[in-house]
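**Student:** Pasted the sequence and its predicted model underneath.
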Amino acid sequence: MSFAHTIGGTTYCFADVRTLLAKASPLSSSDAMAWPATNEPVRAGTG
């Protein structure tokens, strides 16, 4: 089951509850250390 919500004209879509909760949690130092391996921007609390 997917989840989507629009805030200020931006729609955030998540494949499932696990993904939504993982992206909703605050940025941690381990997230910042793992960033180089992902090659994606580090985003705090957004999906």
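**Tutor:** In hand now; what should we look at?

**Student:** Run through the strands of this protein in chain order.
**Tutor:** Taking DSSP state E as the criterion, the chain carries its strands at 3-7, 10-14.

**Student:** mind listing what the last one pairs with, with the direction of each?
**Tutor:** It refers to strand 10-14. strand 3-7 (antiparallel) (DSSP bridges).

**Student:** Quick check on residue 2: phi, psi?
**Tutor:** phi -90, psi 160 (degrees, to the nearest 10).

**Student:** remind me which residues of the chain are low pLDDT?
**Tutor:** 31-32, 34-47 (pLDDT under 70).

**Student:** any idea what sits nearest residue 13, other than its immediate chain neighbours?
**Tutor:** residue 4 (4.4 Å; CB to CB, 6 or more residues apart in numbering). Every C-beta, even on glycine, is put in place using the N, C-alpha and C of the backbone.

**Student:** Give me the neighbour count for residue 19.
**Tutor:** By the criterion of other CB atoms under 10 Å, residue 19 has 14 neighbours.

**Student:** would you list every one of the helices in this protein?
**Tutor:** 17-24, 29-38 (DSSP state H).

**Student:** who's in contact with residue 18?
**Tutor:** By CB atoms under 8 Å, 6 or more residues apart in numbering, no residues touch residue 18.
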